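>>> The sequence and its predicted three-dimensional model are supplied below.
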Amino acid sequence: MGSTKQFSQAPWSPRYESDEVAVGVALAIALHALPLVVIVLKAAYPSLPEAPEQPLVNDTLGWLLVQNGQVQRGLTVLQQAAQKAPEVPDIRYHLAVAYAKAGRSAEARAELTKLLGEGKSFDGIDAARALLDKLPASP
């Protein structure tokens, strides 16, 4: 395909193969339409969910999977995203939520403690603090 489309200048910003894919992903996300997101992303990235090279695409897919009850599958995708872009706090917050929903409280607590300890600001910071407060204390 030709040139890719990018939503921001950040190095981890997702790049989509066409305007149609970018619009389809954005629309599906806005509508919280998980099946549509999966269809659009699978069309653009046939290797999904194995490990696309775009961590924010993985984050989007993994986060929607977790929010739609497919926690284990979403957790796997979010782990891949966090591994590729550990500097992106939103991905790590989503990963912590997935750990918590999967009953892996110690891992959720560790991820949140490390993330919040870095002092970076991100959209989900208040929710991250609230989740950390709700998690059981480590033994």
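The structure has been received and is ready for your questions. Numbers count the residues shown, from 1 in each chain.
>>> residue ranges for the strands of this structure, please.
Listed in chain order, the strands of the chain (DSSP state E) span 5-6, 15-16.
>>> If you average pLDDT over each of those strands, which is lowest?
Ranked by mean pLDDT, these bottom out at strand 5-6, with a mean of 42.
>>> Quick check: Ala100 touching Leu131?
Yes: using Cβ atoms under 8 Å, Ala100 makes contact with Leu131 at a distance of 6.2 Å. Every residue, glycine included, has its C-beta placed from N, CA and C.
>>> if you count what's nearby, which of those two comes out ahead?
When Ala100 and Leu131 are compared for neighbours, Ala100 comes out ahead with 21 against 18, by other Cβ atoms under 10 Å.
>>> How about the contacts made by that one?
108, 131, 135 (Cβ atoms under 8 Å, 6 or more residues apart in numbering).
>>> will you turn those residues into TSV that also has distance to Val77 and pLDDT?
Shown next, in TSV, are the contacts of Ala100 (distance: Cβ to Cβ, whole Å; pLDDT from 0 to 100):
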residue	distance to Val77	pLDDT
Ala108	16	97
Leu131	19	96
Leu135	22	95
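>>> all helices of the chain, in order?
In the chain, the segments counted as helices under DSSP state H are 19-30, 34-44, 55-67, 71-84, 89-101, 105-117, 125-134.
>>> Buried ones in the last one, by neighbour count?
Using 16 or more other Cβ atoms under 10 Å as the burial criterion, the residues of helix 125-134 that qualify are 128, 131-132.
>>> what does that helix contact?
Against helix 125-134 from outside (Cβ under 8 Å, 6+ apart): 89, 93, 96-97, 100, 108-109, 112-113, 115-116, 122.
>>> now swap in stretch 68-79 and tell me
Against stretch 68-79 from outside (Cβ under 8 Å, 6+ apart): 34, 49, 58-59, 61-67, 91, 94-95, 98-99, 101-102.
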